[in-house]
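Asker: Okay, sequence plus prediction incoming.
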Amino acid sequence: MKIRVKRLPLTALRTFEAAARLGRFKDAAVELGVSPTTVSNQIRRLERDWSCRLFVRRPREVLLTDAGRSLGNVVRQAFSSIARELENHSAASARRVDLAVGPIFAARWLTPRLDALRKSLPAIELNLLGRPRITGPATMPAPIAVDWGDGDWPGLESEYLFSISYEPVVSPRLARSLGGLCLPGDLARFPVLHQHDRAEWNSWLALAGRPELEFGASTIIADANVVLQAAIDGQGVALAPFPFAAEDVRAGRLLKPFAIELIPSRSYYLVMRPGARNRPEIKAVADWLLAQAATERRAREASSRRNPGKDPTSCPSSPSTTSSRSSRPRAASGSRPTRR
């Protein structure tokens, strides 16, 4: 059957591309903001109209047929080409760069550097966008983004920016009011702030040799920025991501009582659509971000060599809080424990 271009079902093809890439109708529905039934119906309509089976349906998964795999590759490349062409001919300023970033990266890493970026790239107008979960080209809200992951985004290019570490932080006022935070066991007297769930704190307690410890009280907060602000306000001890909390420690708004780091397996990456660097203004912003990240990595390494161990706390006479146990507990899945 000959299919005329003007009748191509573009919405259904976009749905098919997401299902083919993610391997589950449910995941495609979440990405596209529709119901799984809608995804299934659109793909069945494609199969019916084209007399071609695209998926083998099983109880807990769907598998691409040879025809589905071939069509998926073509559709993915076509959508990427359309996106690049639209960007190249956008009515917006040719020197504007859309950059998608998450809230904590934007607030605590990029925003303090905006003046430096303007001075380095005065002809470029940076347009910051919110960053949804990026799974591939179809979920890229901009030609360039900063995301947190393992470096593998199918259909996209990525370059390493920097890693983070999780370390407990507490406000000086809260530490003094509860008798000081000198040893990991002292956390039993303190309220503790969790981000999303208790996974990171459980991994950190195992690393500190106190997996059985019960906190005085717990509050779960979804947003990392809110967690840090609550810690600054004396609402509890937080497991803060560094370098994002480094300035608060330098300024004395937070104390870092223990020389025990939890290193997650994921890091921050610069993520780009294929060919995005062909635009000079995007290349300039990408190179600037990579250079800034490299400078910070060197500064952190130098600081660690100059200042090993914990930062000053409310326990100036306390011994080192680093555990001396011979065995090193393993972190929860997705984290790699280390000590400075």
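Answerer: Nice, thanks for sending it over.
Asker: Please, which helix or strand holds Leu181?
Answerer: For Leu181, there is no helix or strand it lies in under DSSP states H and E.
Asker: Quick check: can you list the domain ranges of the chain?
Answerer: As assigned by automatic domain parsing, the chain contains the domains 5-87, 96-162+267-300, 165-259+310-339.
Asker: can I get these in a markdown table with mean pLDDT and mean neighbour count?
Answerer: Heads up, the C-betas are built off the backbone N, CA and C, glycines and all. Converted to a markdown table, these look like this (pLDDT from 0 to 100; neighbours: other C-beta atoms under 10 Å):
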| stretch | mean pLDDT | mean neighbour count |
| --- | --- | --- |
| domain 5-87 | 86 | 15 |
| domain 96-162+267-300 | 92 | 17 |
| domain 165-259+310-339 | 80 | 17 |
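Asker: measure the residue nearest to the spatial centre of the chain to Ala276 for me?
Answerer: Nearest to the mean C-alpha position of the chain, by C-alpha atoms, centre = their mean, lies Trp148 at 2.6 Å. With distances taken as C-beta to C-beta, to the nearest Å, Trp148 is found 19 Å from Ala276.
Asker: measure Arg133 to Leu64 for me?
Answerer: Taken as C-beta to C-beta, the span from Arg133 to Leu64 is 22 Å.
Asker: residues making contact with the strand or helix carrying Ser70?
Answerer: Using DSSP H and E, the element containing Ser70 is helix 66-88. With contacts defined as C-beta atoms under 8 Å, 6 or more residues apart in numbering, helix 66-88 is touched by 13-14, 16-17, 20-21, 52-55, 64, 136-138, 140, 143, 155, 273-276, 279.
Asker: out of those, which are inside strands?
Answerer: Phe55, Leu64 (DSSP state E).
Asker: Show me where this structure has its helices.
Answerer: Assigned by DSSP state H, the chain shows helices spanning 10-22, 25-32, 36-50, 66-88, 103-105, 114-120, 172-177, 199-207, 224-232, 246-250, 280-306.
Asker: can I get these in a markdown table with distance to Tyr166?
Answerer: A markdown table is the format used below for these (distance: least, C-beta to C-beta, whole Å):
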| stretch | distance to Tyr166 |
| --- | --- |
| helix 10-22 | 29 |
| helix 25-32 | 27 |
| helix 36-50 | 35 |
| helix 66-88 | 35 |
| helix 103-105 | 13 |
| helix 114-120 | 26 |
| helix 172-177 | 19 |
| helix 199-207 | 5 |
| helix 224-232 | 11 |
| helix 246-250 | 13 |
| helix 280-306 | 15 |
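Asker: quick one: contacts for Gln195?
Answerer: Counted by C-beta under 8 Å, 6+ apart, Gln195 has contacts Ile220, Ile221, Ala222, Asp223, Ala224, Val227, Ala238, Leu239.
Asker: And Leu262, how close does it get to Ala246?
Answerer: Distance, Leu262 to Ala246, using C-beta to C-beta: 16 Å.
Asker: Actually, Ala107.
Answerer: Taken as C-beta to C-beta, the span from Ala107 to Ala246 is 13 Å.
Asker: I'd assumed Gly234 was in contact with Pro191.
Answerer: No - using C-beta atoms under 8 Å, Pro191 is not in contact with Gly234; the gap is 9.4 Å.
Asker: Quick check: end-to-end length of stretch 165-177?
Answerer: Counting by C-alpha to C-alpha, to the nearest Å, you get 27 Å between the two ends of stretch 165-177.
Asker: cool, stretch 255-270 as well?
Answerer: End-to-end for stretch 255-270, by C-alpha to C-alpha: 30 Å.
Asker: Use 644 as the first number for this chain going forward.
Answerer: OK, 644 is where the count begins now, so the last one is stretch 898-913.
Asker: Report the distance from that stretch to the chain centre.
Answerer: 13 Å (C-alpha atoms, centre = their mean, to the nearest Å).
Asker: Likewise for stretch 681-701?
Answerer: Chain-centre distance of stretch 681-701: 34 Å, with C-alpha atoms, centre = their mean.
Asker: Let me see the residues that make contact with that stretch.
Answerer: Contact partners of stretch 681-701, identified using C-beta under 8 Å, 6+ apart, comprise 644, 646, 652, 654-656, 658-659, 661-663, 668, 671-672, 675, 705-708, 710-711, 714.
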